[in-house]
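**Student:** the following block contains a protein sequence and its predicted model.
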Amino acid sequence: MTTTLILGALLSIIQIVGLILLIMVLIQQFKHGGVLNGVIGIITFGFWTFIWGWIKHKNLELSKIMVLWTIMTITPLVLTAVFGFAMMNEMVNMVVSLSEEGSFDKIKEGFEKNSGNKSVKLKLQAQKNEAKLPKTDSQEIAAHKDVDWSKKALALWKNGEYTDPHQAVDYWNKAVGNDPKSAETYNNRGLAYYNLKQPLQAIKDYSQAIHLKSEFAEAYNNRGNAYYELNQYELAEADFNQSLRFKSDYANAFLNRGLVYYQMGKNDEACQDFNKACDLGNCEGKQWAQQNGICRQ
């Protein structure tokens, strides 16, 4: 975190300055207070030297040094308190961002492998859009002079992704403005954010879609995919479970949950889901697992 780095740098500088001031006063302590005083100062890690310095500051003209040393002693406490509060806020914001997560509805044909890890990471991508076009009413049409922003946005959806996700987000923003209670609109905008590699923003839209339509199986599946991208496998599994709860014949959700089980080291469960997805028409997971010796059948 940026706050942590700044705090660490400031404290390091203050410690160096404080050490220099300690040495300056310690020299005077040995010189004017005797060896015993100096040794006690060292043994007490400068505590007695600090007290002795204030006792002798007028006689030895140490006032400026002692004031500066006092400031260097108090400042770390103040910085820790101030920056500690800022760090706490950063952590809270991070937790909130990760807890407001959304969902993603489409998977691409075929799997991509990310090399470099001992455990191969399968990357989920967008597949054919299954979301329905949001309904429009007369007021919405009148407000936009017969422009249907949802249709314009969906016209950009080709082969499992938006050809221009930035433009798609703009269109969906206008569609949301027309009908802020359309679950499909939020779900589709989430897909655009997902294409822009902004899974947290996509998650927020998927979550809003689920809030508006509690049994939105596609939105749960989409949010599970976004969690998968963030390596939040338990959250992804929970969303795929919900997706299958509301749509028990959802092949993509079985496939996706199988991928999550594989990442979690649950190969038996993964194979069961791959087989189920194949029974429902999507055999890519099963074929991949058999080719790589993960599933026998």
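**Tutor:** Noted; the coordinates are in hand.
**Student:** neighbouring contacts of stretch 279-290?
**Tutor:** With contact meaning C-beta atoms under 8 Å, 6 or more residues apart in numbering, stretch 279-290 is reached by 109-111, 122, 249-252, 254-255, 258-259, 262, 270-271, 273-275, 277-278, 294-297. In short, each C-beta sits where N, CA and C put it, glycine included.
**Student:** of the residues you listed, which belong to helices?
**Tutor:** Those of these mapping onto helices are 251-252, 254-255, 258-259, 262, 270-271, 273-275, 277-278, per DSSP state H.
**Student:** what is the burial count for residue 9?
**Tutor:** 10 (other C-beta atoms under 10 Å).
**Student:** got it, and residue 64?
**Tutor:** Per other C-beta under 10 Å, the neighbour tally for residue 64 reads 9.
**Student:** element containing it?
**Tutor:** In this assignment (DSSP states H and E), residue 64 forms part of helix 63-99.
**Student:** dihedrals phi and psi, residue 161?
**Tutor:** Per-residue torsions, residue 161: phi -160, psi 170 (degrees, to the nearest 10).
**Student:** break the protein into its domains for me.
**Tutor:** The chain resolves into domains spanning 2-99, 112-291 when parsed by automatic domain parsing.
**Student:** most tightly surrounded among the ones you listed?
**Tutor:** Comparing these by mean neighbour count (mean count of other C-beta atoms under 10 Å), domain 112-291 ranks first with a mean of 20.
**Student:** what pLDDT, on average, does stretch 157-177 get?
**Tutor:** Stretch 157-177 shows a mean pLDDT of 88.
**Student:** send me that stretch as PDB with only the CA atoms.
**Tutor:** Below are the C-alpha coordinates for stretch 157-177, written out as PDB (Å, rounded to 0.1, in the frame of the first residue of the first chain):
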ATOM      1  CA  TRP A 157     -21.700  -8.100 -28.800                       C
ATOM      2  CA  LYS A 158     -19.900 -10.400 -31.200                       C
ATOM      3  CA  ASN A 159     -18.400 -13.900 -30.600                       C
ATOM      4  CA  GLY A 160     -18.600 -13.700 -26.800                       C
ATOM      5  CA  GLU A 161     -17.300 -10.200 -26.200                       C
ATOM      6  CA  TYR A 162     -18.000  -6.500 -27.000                       C
ATOM      7  CA  THR A 163     -16.200  -5.300 -30.100                       C
ATOM      8  CA  ASP A 164     -15.900  -1.900 -28.400                       C
ATOM      9  CA  PRO A 165     -16.400  -2.300 -24.600                       C
ATOM     10  CA  HIS A 166     -15.900   1.400 -23.900                       C
ATOM     11  CA  GLN A 167     -18.700   2.300 -26.200                       C
ATOM     12  CA  ALA A 168     -20.800  -0.500 -24.800                       C
ATOM     13  CA  VAL A 169     -20.300   0.900 -21.300                       C
ATOM     14  CA  ASP A 170     -21.400   4.300 -22.500                       C
ATOM     15  CA  TYR A 171     -24.600   2.800 -24.100                       C
ATOM     16  CA  TRP A 172     -25.400   0.800 -21.000                       C
ATOM     17  CA  ASN A 173     -24.900   3.900 -18.800                       C
ATOM     18  CA  LYS A 174     -27.600   5.600 -20.800                       C
ATOM     19  CA  ALA A 175     -29.800   2.500 -20.600                       C
ATOM     20  CA  VAL A 176     -29.400   2.400 -16.800                       C
ATOM     21  CA  GLY A 177     -30.300   6.100 -16.700                       C
END
